[in-house]
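In: With the sequence up front, the predicted model follows.
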Amino acid sequence: MFSLPLLLTNPHPCNYLPDRDAQTVFVYPEYPMNNDIYAQLLTKGFRRSGDEVYRPQCQNCTACISVRIPIHTFEPNRNQKRCIKKNQLTRAEIKSATFEQSHYDLYVKYQHYKHPGGTMGDCSPEDYLRFLGSQWCHSHFIEFSLAGDLIAVAIVDYFNDALSAVYTFFDPKFNAYSPGVYAVLWQIAQARELKLDWLYLGYWIETCKKMSYKNQYQPLQLFNKGRWQNYIP
């Protein structure tokens, strides 16, 4: 066991539930974080954004729930099998979590498509890498390509017993290939090949359309009231 210095933000508008305020607890930035400590925090519902490790800590809301897929019992549904078949010529290459111009250009293109008018598409290369990379986490950028075209990049953290899906961005012209879905399915296959137990998918809000895709991966486990339990649709 170990103790962590934590910081709690002031209430601020929630990005996912517009009628509610949110609060976030952060591990103190000066704390010497490493991959092993973060692996333990993942099991307690924490996530990272760049080097910052956080967890929702809202006073009057528990809608944000950390979810993970048990690798050994996962079974793809019909749509997921169709996605795998459609991507049989898609190639994945595991790369170091370093800056590549083609990845950055795709990220900017994705942000302008996914969040038109937002600020994330105007980020600098330094902001981009600060958001997705980490100085202490064992991360990789997974590059997906089809017939020589870059179609998606998934940022994945690696641990002794799990993978953690950090973020995926893709070229909208390849929407028909469901690159976001395929990236998750690839990570499940990768975890199975490495004989790992879990794929962490981040936070899920049952009533939020942006996150509804996560309960399509079954079985799914939820971190609720301090323990992991099976999700029953």
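Out: Thanks, I have the structure now. Residues are numbered from 1 along each chain as shown.
In: Let's check: the centremost residue of the chain is which one?
Out: Nearest to the mean C-alpha position of the chain, by Cα atoms, centre = their mean, lies Val166 at 2.9 Å.
In: How about that one: what's its closest non-neighbour residue?
Out: The shortest distance from Val166 to any non-neighbouring residue, by Cβ to Cβ, 6 or more residues apart in numbering, is to Ile155 (4.1 Å). (Glycine included, C-beta is placed from N, CA and C.)
In: Doesn't that neighbour belong to a strand?
Out: Yes: using DSSP: H, G, I helix; E, B strand; the rest coil, the assignment for Ile155 is a strand.
In: Extract the C-alpha set from stretch 134-145 and format it as PDB.
Out: What follows is stretch 134-145, C-alpha atoms only, in PDB (Å, rounded to 0.1, in the frame of the first residue of the first chain):
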ATOM      1  CA  SER A 134       3.900  10.400 -21.300                       C
ATOM      2  CA  GLN A 135       7.400  10.700 -19.800                       C
ATOM      3  CA  TRP A 136       6.900   7.800 -17.400                       C
ATOM      4  CA  CYS A 137       4.300   5.500 -18.900                       C
ATOM      5  CA  HIS A 138       5.100   2.500 -21.200                       C
ATOM      6  CA  SER A 139       3.100   3.700 -24.200                       C
ATOM      7  CA  HIS A 140       3.000   3.000 -27.900                       C
ATOM      8  CA  PHE A 141       1.400   4.600 -30.900                       C
ATOM      9  CA  ILE A 142      -0.300   1.900 -33.000                       C
ATOM     10  CA  GLU A 143      -0.400   2.900 -36.700                       C
ATOM     11  CA  PHE A 144      -3.100   1.400 -38.800                       C
ATOM     12  CA  SER A 145      -2.700   1.600 -42.600                       C
END
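In: roughly how far is that stretch from the heart of the chain?
Out: 12 Å (Cα atoms, centre = their mean, to the nearest Å).
In: likewise stretch 49-64?
Out: Centroid displacement of stretch 49-64 relative to its chain, using Cα atoms, centre = their mean, is 14 Å.
In: Then stretch 62-80?
Out: Counting by Cα atoms, centre = their mean, stretch 62-80 is centred 13 Å from the centre of its parent chain.
In: now swap in stretch 43-53 and tell me
Out: In terms of Cα atoms, centre = their mean, the centre of stretch 43-53 is found 10 Å from the chain centre.
In: May I have the residues that are in contact with the residue nearest to the centre of the chain?
Out: For Val166, the contact set (Cβ atoms under 8 Å, 6 or more residues apart in numbering) comprises Arg48, Leu132, Ser139, Ala154, Ile155, Val156, Asp157, Gly202.
In: This protein: strands as residue ranges?
Out: Here the chain has its strands, by DSSP state E, at 6-8, 12-13, 21-22, 24-27, 47-49, 52-56, 65-70, 91-96, 139-146, 149-158, 162-170, 198-204, 221-224, 227-230.
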